[in-house]
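J.: Quick one: sequence plus predicted model below, questions after.
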Amino acid sequence: MTVPTPTLQTERLLLRPFTDADGDDLFALQSDAQVLRYWDSPPWTDRSSVAGFMAGCRRLAESGSGARVAIERGSDQAFIGWCTFNSWSPDFRSASLGYCLTRESWGRGYATEAAHALLRWAFDTFDLNRVQAEADTRNGASARVLEKLGFVREGTLREDCIVNGDVSDSWVYGLLRRDWAG
């Protein structure tokens, strides 16, 4: 089942499919060590990572297992990050949510706004019961985004990742259809 990557408009943002023109901005985002300090993968150092990321976007759509969208600020059409709905399991009616935004866009509510729009699309498109997300326990800002969206912290994955050589824990969050206020 192919699921076309959506184009979604919010009050301040445009969420849209990635294009080749996003390559430089995507590389800048994913190679920023400060942005990726809580990720379980290192910052990009090789531009070939862009092609792999774009291929992953196409695979999500072609397999029907989710969507990864570029986030563009409406006021100036600046690329400010991405948001993903992935790992759709029809058997379990569950999936995962993730996002990554430029440092310059932090603290402005963009992550919450973008994730809310993508969640609304996902709940409308898929027969979802549950969406899961994870956040490094040191990343309070990401935890706040998830909680604003209605996610509930369900537990801690102890020593789940090694981030920049440091062993770290992750919080697991869940959002159930019955709790979605979309």
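T.: Perfect, thanks for sending it.

J.: pLDDT below threshold where in this protein?
T.: 1 (pLDDT under 70).

J.: show me where it has helices.
T.: Using DSSP state H, the helices of the chain run over residues 23-30, 48-63, 110-125, 140-148.

J.: Can you spell out which helices and strands pack onto the first one?
T.: Which is helix 23-30. Judged by 3 or more CB pairs under 8 Å, 6 or more residues apart in numbering; DSSP states H and E, the packing partners of helix 23-30 are helix 48-63, strand 79-89, strand 94-101. In this view, the C-beta of every residue, glycine as well, is placed from N, C-alpha and C.

J.: In CSV: the ones you listed, plus distance to Thr156 and mean neighbour count.
T.: Output for those, formatted as CSV (distance: least, CB to CB, whole Å; neighbours: other CB atoms under 10 Å):
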stretch, distance to Thr156, mean neighbour count
helix 48-63, 28, 14
strand 79-89, 20, 21
strand 94-101, 17, 20
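
J.: Can you check which of the ones you listed gets nearest to Ala117?
T.: The closest of the helices and strands packed on helix 23-30 to Ala117 is strand 79-89. By CB to CB, the value is 8.1 Å.

J.: Would you mark the buried spots in stretch 25-38?
T.: Of the residues in stretch 25-38, those buried by neighbour count under the rule 16 or more other CB atoms under 10 Å are Asp25, Leu26, Phe27, Leu29, Gln30, Ser31, Val35, Leu36, Tyr38.

J.: ok, so of those, who is nearest Trp121?
T.: Distances from Trp121 to these, taken by CB to CB, are shortest for Leu26, at 21.2 Å.

J.: residues contacting that closest one?
T.: Leu26 makes contacts with Phe18, Val50, Phe53, Ala70, Phe79, Trp82, as judged by CB atoms under 8 Å, 6 or more residues apart in numbering.

J.: so the fifth one touches Leu101, yeah?
T.: No - with contact defined as CB atoms under 8 Å, Phe79 and Leu101 do not form a contacting pair (10.1 Å).

J.: which residues are common contacts for the two?
T.: If you check Phe79 and Leu101 against CB under 8 Å, 6+ apart, the residues they both contact are Leu29, Ile71.

J.: mind putting the contacts of Leu26 in CSV, distance to Leu176 included?
T.: Formatted as CSV, those follow (distance: CB to CB, whole Å):
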residue, distance to Leu176
Phe18, 30
Val50, 35
Phe53, 30
Ala70, 28
Phe79, 32
Trp82, 25
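
J.: and which of the residues you listed is nearest to Phe151?
T.: The nearest member of these to Phe151, counting by CB to CB, is Trp82 at 18.8 Å.
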